[in-house]
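> Got a sequence here, can you build the structure:
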Amino acid sequence: MTDASDSPARARISVLGRVQGVGYRAFTVGAATERGLVGGVRNCEDGRVELEAEGPKHRIMSLITALKVGPPASRVTDIRVEWVPATGRHTDFAIWY
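Model prediction:
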């Protein structure tokens, strides 16, 4: 029997606050890669950082915890998470432009 937290999941995550120009995307790539997640992260024109992470749900939850802290120069004010079906289309975690 498989634990639901090990089932493939995908989250669309928006991070708000001082998250651009502070190394937040690179931090996210490192944190996601350490957890074995795939997907990507990008800056948005409105100042948010947006990402999609796919992998076991418990690992995505661990990533969300790390994203709340971020790199030293960042200041996260809010994180919004939307859970969507896993696609299996990504093979790594990258910065998207």
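> what's the neighbour count on the closest residue to residue 84 other than its chain neighbours?
Excluding its sequence neighbours, the residue lying closest to residue 84 (Cβ to Cβ, 6 or more residues apart in numbering) is residue 10, at 5.2 Å. (Glycine included, C-beta is placed from N, CA and C.) If you count neighbours by other Cβ atoms under 10 Å, residue 10 ends up with 22.
> Kindly report the same for residue 82.
Using other Cβ under 10 Å: residue 82 sits among 10 other residues.
> cool, and residue 48?
Neighbour tally, residue 48, other Cβ under 10 Å: 18.
> So which residues of this structure form helices?
For the chain, the helices defined by DSSP state H cover 24-34, 57-69.
> I'd like those helices laid out as a markdown table, including mean pLDDT, mean neighbour count and distance to residue 92.
Converted to a markdown table, the helices of the chain look like this (pLDDT from 0 to 100; neighbours: other Cβ atoms under 10 Å; distance: least, Cβ to Cβ, whole Å):
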| stretch | mean pLDDT | mean neighbour count | distance to residue 92 |
| --- | --- | --- | --- |
| helix 24-34 | 98 | 19 | 8 |
| helix 57-69 | 98 | 17 | 15 |
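> okay if I get those as CSV plus distance to residue 95?
Putting the helices of the chain into CSV (distance: least, Cβ to Cβ, whole Å) gives the following:
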stretch, distance to residue 95
helix 24-34, 5
helix 57-69, 15
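> sorry, back to before: ok, the residue nearest to residue 84 - contacts?
By Cβ atoms under 8 Å, 6 or more residues apart in numbering, the contact list for residue 10 reads 39, 52, 53, 54, 60, 83, 84, 85, 86, 87.
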